[in-house]
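> sequence? don't have it. structure:
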């Protein structure tokens, strides 16, 4: 396992790729999350980006899926964006592409939506597989989201792994978020019983929740960074120990919706806090 910095997840206002790499290097992150499209917009070609990563000793671990997956029309219109981005990501040495999926639908019942997502995710995964890229998807656990639409959909890890099996491409797995696991009823390391090998975990989000709110009432936000005042609802030590038992070797990313970070206008301080809270978990 290694620490990865996603500046957008922690309310950092960073001025471009080089500043992101510099902060990552200074505070002990082995990688960052960054979009190939952002590099292109900043004027970097592949060789310049690789050279800069070499200078700082920091890689790009993952990028966000450019395809819209909440409707058939949106998917069909945006799907052509995937192949050129995957090609560029491969040249940059990025082997993980991630997104999240809704736990409800107003259009499809569970069976219809399962087929829709199976077909859609298979097409996405097949393109990514050609470039040796894993496809990670985050399921949403909070009950208030589940009840936001007419039909309920996948909201547990067990259900999501059934979807991965139905896709069947071998390169789709879970973006494992501690908060969503907890809200779906999997505290600490309980998620491990659904994971057959570490390749089924594409990326990990670390975060926590309040111990004073019943799990059925916990919202998607706020979330806390590990150790933040007010946190402690989840067993993050158990969560980390389960990852170690599974021999997970991929990136760890802190993703809180932290009120502390919203009030901080200091990239250096945020990066330091994130790094230190991850170090405290990696000790166990």
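Now that the structure is in, tell me what you want to look at. Quantities reported herein were computed from a predicted structural model and do not represent experimental measurements. Numbers count the residues shown, from 1 in each chain.
> Look at the residue positioned nearest the centre of the chain and report its pLDDT.
Central residue of the chain (C-alpha atoms, centre = their mean): residue 175, 4.8 Å from the mean position. As predicted, residue 175 sits at a pLDDT of 98.
> quick one: it is in a strand?
Yes. Checked against DSSP: H, G, I helix; E, B strand; the rest coil, residue 175 lies within a strand.
> Okay, strands next: where are they in the stretch 151-284 of the chain?
151-152, 172-177, 201-206, 251-254 (DSSP state E, counting those that start in this stretch).
> can I get those in a markdown table with distance to residue 25?
Quick note: C-beta positions are derived from backbone N, CA and C, even for glycine. As requested, the strands of the stretch 151-284 of the chain are arranged in a markdown table below (distance: least, C-beta to C-beta, whole Å):
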| stretch | distance to residue 25 |
| --- | --- |
| strand 151-152 | 44 |
| strand 172-177 | 25 |
| strand 201-206 | 20 |
| strand 251-254 | 16 |
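> can you pull out the helices in the stretch 151-284 of the chain?
Secondary structure of the stretch 151-284 of the chain by DSSP state H, counting those that start in this stretch: the helices cover 157-167, 178-183, 236-245, 259-263, 267-282.
> what's the shortest one in contact with?
Contact partners of helix 259-263, identified using C-beta atoms under 8 Å, 6 or more residues apart in numbering, comprise 10-12, 222, 225, 228-229, 270, 273.
> okay if I get those residues as TSV plus distance to residue 29, pLDDT and neighbour count?
Formatted as TSV, the contacts of helix 259-263 follow (distance: C-beta to C-beta, whole Å; pLDDT from 0 to 100; neighbours: other C-beta atoms under 10 Å):
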residue	distance to residue 29	pLDDT	neighbour count
10	11	96	23
11	16	93	18
12	12	96	22
222	24	90	18
225	14	97	24
228	19	97	19
229	24	95	8
270	12	97	25
273	13	98	21
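> hmm, back to that, residue 101 is in contact with the residue nearest to the centre of the chain, correct?
No. Using C-beta atoms under 8 Å, residue 175 makes no contact with residue 101, being 9.7 Å away.
> Report the beta-bridge partner residues of residue 172.
residue 135 (DSSP bridges).
> Please name the nearest non-neighbouring residue to residue 148.
Nearest non-adjacent residue to residue 148, counting by C-beta to C-beta, 6 or more residues apart in numbering: residue 104, 5.1 Å away.
> And that neighbour, how far from residue 64?
Applying C-beta to C-beta, to the nearest Å, the value for residue 104 to residue 64 is 22 Å.
> how about low-confidence regions in this structure?
284 (pLDDT under 70).
> So the spatially closest residue to residue 5 that is not a sequence neighbour, which state does it fall into?
Distances taken as C-beta to C-beta, 6+ apart put residue 29 closest to residue 5, at 4.2 Å, once the chain neighbours are dropped. What three-state DSSP gives for residue 29 is coil.
> so what's residue 29 up against?
Contacts of residue 29 (C-beta under 8 Å, 6+ apart): 3-5, 23, 58, 271, 275.
> who wins for most neighbours among those residues?
residue 5 (31 neighbours; other C-beta atoms under 10 Å).
> That residue bridge partners, please.
Beta-bridge partners, per DSSP bridges, of residue 5: residue 32.
> any idea how far residue 231 is from it?
20 Å.
> cool, and residue 238?
15 Å.
> what about the two, which has more around it?
Counted by other C-beta under 10 Å, residue 238 and residue 231 do not tie: residue 231 has more neighbours, with 21 against 16.
> from memory residue 82 sits against residue 124, does it?
Yes. Under the criterion of C-beta under 8 Å, residue 82 makes contact with residue 124 at 6.5 Å.
> who has more neighbours, the two?
residue 124 (25 against 18).
> Tell me how far residue 12 lies from residue 274.
Distance from residue 12 to residue 274, by C-beta to C-beta: 9 Å.
> Residue 38 too?
20 Å.
> Done for today, thanks.
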